[in-house]
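Asker: Quick one: sequence and predicted model below, then my questions.
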Amino acid sequence: MKPIDALKEFRLGTCYYPEHWPEALWEDDFRRMSELGFSIVRVAEFAWSIFEPEEGVFSFELFDRALALAHKHGIKVIIGTPTATPPAWLTHKYPEVLNVTQEGVTLQHGLRRHYNYSSQKYRELSAIITRKMAEHYKDHPAVIGWQIDNEFNCEIGVFYAPADHDAFRIWLQEKYGTLDKLNEAWGTVFWSQTYSAWEQVFLPRPTPADHQPNPHQALDEKRFISDNTISYAKVQGDILRKVAPNHWVTTNGLFGHLDSHRMNDELLDFFSYDSYPQFSTIFYDKNEVNPLADRGWSQTLGAVRSISPNFAIMEQQSGPGGWVNRMDMPSPKPGQMRLWTYQSIAHGANMVLYFRWRTATVGNEIYWHGINDYHNQPNRRVREAGQIGAELAGAGDRIANTQFKAEIALLRDYDNEWDGEYDVWHGPFTWQSGKAWFKALNYRHIPSDMLYVRSGTTIEDLKRYKVLVYPHPAIMRDETAELLEQYVREGGIIIFGCRTGYKNEHGHAYMRPFPGAAAGLCGISVEEFTMVKGSRAATSMKWSGSGEALTGADSFNEILVVESDSAEAVAHYASDYYAGKPAVTKNVFGEGQAWYYGAVFNEEAAGQIIERLGLSSPASDWLTLPKEVELAIREGEDGPLYFLLNYSEQPALVTLNEEKTDLLTGSKLSGSLTLEGYGVVVLS
């Protein structure tokens, strides 16, 4: 049984930690949750020391009493396996379970996620606690699902314990079979790195020049960490499937060095994410032009949606956030908590749990505020949560039976993400270009998806979209290029940026003219290229037609040569020694088009291509929106739902040329209307 139907019914709830509070508060907490329209809580993901206070001694009494009260008030429960926080007795008795830095320093007990996935002892103990909890709660009437661990690879996403080096060696032997093949894949002939025995092979270790490893070794390191993480999660997932087959299984987070798509495919019923839009205030690039701020979280939610078309939010920001010594995020302004909730829902969430019910009074997260403050008295956030609960009580199930709709997708892949962490000749460009395209589309009210190119990606996956944007796929297998050729030949449009197609799956540079595997599709070659930085002045390109618009040619410039009769230059460089040379090309390939942009995208350049392709908002014939309002569309058997999200504190003027119904209020709307600051309307 695969109980994915859990997401066919919308649920709103919160994260709750009964072990943190006097038991006298519990029933009042659950009563008030129910009054707010909450129907689900997540518990126990950090409570290993409660369930197993000493090795082999198990205690369920505390959570039994809490879950009985949840059930009494009609609230369902998600149980988190508590393996993100091994208890002190465990790490003291079995120090081999602890993670180790690249320099060999053991990371000690005292925070969370201080273990390594390779320790057989940790896997054994994790299996025991998971099985004991599953056996105890498999028939509990309140429990409907499980969260495996918590936020895999959060806090730290690299592992260098002795067990990790051993596991890496085994992984390499299974992958390559022989040392000769490993040496070839890693290019060890360079700098006399050739290995003659397996015991000589390790995960990257400190080296001269800022610890820089062999780049091909570094790429395999990330692949190993991902496989090892999934292998560890599978230990728990298999137990939960066997012991509690009527419960669904998920895990939360979207962190590095983890193929979350594969994990979801193999282990989970659906994926879950922890959404904190206020992170935009602490990761804000002060040099960014026209910043997205919290609106940019919609792009990340698109990545989550690529894993699981409908998903859960296990932690939705509800207040100001921060640990005692870091992540000092400001408080949401009135309406923002509601806005962010509907942002998650608009982009595919069918379950949303706020973090957390009440702000902790002890520990690192005493400033990671929840819905309730320490004093437990009514506040603005509680009132706002009640408004959302009342709205979704009526609208939630209508929303849950829809999925996000887009005709344009931004492409990513794990090979280039992981290779790009180390390779400054393409890695930093992907996020810059992806953000530029998302802005250009989002501000024009054109919804977009995120699609990861994987070994199992099919032509049908691609043909769902009219346009694909693949900004800087330096690593491109020939099989991927062939798939993209088929997509374009059958009428699709693909848009590449500089640094496309010149590496194979090991990160070796092809001995082919750039853009390597994509050259035939694009009908061009690259005559010359340069970084644009330091003493190299910023450059620009002039676009043909449209008054010969001028846009910046950012970060990296490739001078293009048109090689095919079906290709043409759309823009030329306007400055530097290559002024007048092709900068952007379009190739007619079969029934479709392949565009090549010889720089790193900016919003203006993306806008030029959007306009030349004639792309517009799918609601443009009846809806006029200001730039501050995002349009997201979810569609199902009963028709589309149009989410209008105002990210400005100021009111926004919206014009409807057709009468629509606001799903949240039941009001009929037409003509001009004012959407309040941080306001939300869902039109049907």
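Answerer: Thanks, I have the structure now. Numbers count the residues shown, from 1 in each chain.
Asker: surely D576 meets A538?
Answerer: No. Counting by Cβ atoms under 8 Å, D576 does not reach A538; the two are 9.4 Å apart. To be clear about C-beta, it is placed using only N, CA and C from the backbone, and glycine gets the same treatment.
Asker: In a strand, A312, correct?
Answerer: Yes. Counting by DSSP: H, G, I helix; E, B strand; the rest coil, A312 is part of a strand.
Asker: so what's P320 closest to, chain neighbours aside?
Answerer: Using Cβ to Cβ, 6 or more residues apart in numbering and skipping residues adjacent in sequence, the residue nearest P320 is S331, 4.0 Å away.
Asker: what's the answer for L125, then?
Answerer: Nearest non-adjacent residue to L125 (Cβ to Cβ, 6+ apart): L90, at 6.3 Å.
Asker: Please identify which of D576 and A538 sits among more neighbours.
Answerer: Neighbours were counted for D576 and for A538 using other Cβ atoms under 10 Å; D576 has more, 17 against 12.
Asker: The more buried one: helix or strand, and which one exactly?
Answerer: Using DSSP states H and E, D576 sits in no helix or strand.
Asker: Leaving out chain neighbours, which residue sits closest to it?
Answerer: Among residues not flanking D576 along the chain, T539 sits closest, at 5.1 Å (Cβ to Cβ, 6+ apart).
Asker: residues touching A632, list them.
Answerer: A632 makes contact with 298, 346-347, 404, 447, 642-643, 645, according to Cβ atoms under 8 Å, 6 or more residues apart in numbering.
Asker: Identify the farthest-apart pair in those residues.
Answerer: S298 and Y642 (14.7 Å; Cβ to Cβ).
Asker: Neighbour count for the two, which is higher?
Answerer: Neighbour count, other Cβ under 10 Å: between S298 and Y642, Y642 has more, with 25 against 22.
Asker: I'd like the distance between the more buried one and T539.
Answerer: Y642 sits 40 Å away from T539, going by Cβ to Cβ, to the nearest Å.
Asker: again with V561
Answerer: Taking Cβ to Cβ, one finds V561 at 18 Å from T539.
Asker: follow-up on the earlier one: among the contacts of A632, which one lies nearest to V77?
Answerer: Nearest to V77 among the contacts of A632: H347, at 25.7 Å, using Cβ to Cβ.
Asker: Buried ones in stretch 184-199, by neighbour count?
Answerer: Under the neighbour-count criterion of 16 or more other Cβ atoms under 10 Å, stretch 184-199 has 185-188 buried.
Asker: So which residues make contact with stretch 485-495?
Answerer: With Cβ under 8 Å, 6+ apart, stretch 485-495 has contacts from 459, 462-463, 465-470, 484, 520-521, 589-597, 609, 613.
Asker: And V561 and T539? Which one has more around it.
Answerer: T539 (20 against 17).
Asker: mind listing what the more buried one touches?
Answerer: 532, 552-553, 557, 573-576, 599.
Asker: so can I have JSON lines of these showing secondary structure and distance to Q387?
Answerer: Shown next, in JSON lines, are the contacts of T539 (DSSP: H, G, I helix; E, B strand; the rest coil; distance: Cβ to Cβ, whole Å):
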{"residue": "V532", "secondary structure": "coil", "distance to Q387": "49"}
{"residue": "G552", "secondary structure": "strand", "distance to Q387": "44"}
{"residue": "A553", "secondary structure": "strand", "distance to Q387": "48"}
{"residue": "N557", "secondary structure": "strand", "distance to Q387": "51"}
{"residue": "Y573", "secondary structure": "strand", "distance to Q387": "54"}
{"residue": "A574", "secondary structure": "coil", "distance to Q387": "53"}
{"residue": "S575", "secondary structure": "coil", "distance to Q387": "54"}
{"residue": "D576", "secondary structure": "coil", "distance to Q387": "56"}
{"residue": "A599", "secondary structure": "coil", "distance to Q387": "46"}
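Asker: which of the residues you listed has the most neighbours?
Answerer: Ranked by neighbour count (other Cβ under 10 Å), those have A553 at the top, with 29 neighbours.
Asker: can you pull the contacts of that one?
Answerer: 532, 538-541, 573, 583, 598-599, 605.
Asker: what about dumping the CA coordinates of the helix or strand where E659 lies to PDB?
Answerer: Using DSSP H and E, the element containing E659 is strand 652-661. Coordinates of each C-alpha in strand 652-661 appear next as PDB, following Å, rounded to 0.1, in the frame of the first residue of the first chain:
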ATOM      1  CA  ALA A 652      -2.000  46.700  -5.200                       C
ATOM      2  CA  LEU A 653      -4.600  47.500  -7.900                       C
ATOM      3  CA  VAL A 654      -5.900  44.400  -9.800                       C
ATOM      4  CA  THR A 655      -8.200  44.500 -12.800                       C
ATOM      5  CA  LEU A 656     -10.400  41.500 -13.800                       C
ATOM      6  CA  ASN A 657     -12.200  41.600 -17.100                       C
ATOM      7  CA  GLU A 658     -14.100  38.500 -16.200                       C
ATOM      8  CA  GLU A 659     -16.100  37.800 -13.100                       C
ATOM      9  CA  LYS A 660     -14.400  35.300 -10.700                       C
ATOM     10  CA  THR A 661     -15.000  34.000  -7.300                       C
END
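Asker: list the helices and strands it packs on?
Answerer: If you count contacts as 3 or more Cβ pairs under 8 Å, 6 or more residues apart in numbering; DSSP states H and E, strand 652-661 packs onto strand 623-624, strand 639-646, strand 668-675, strand 680-683.
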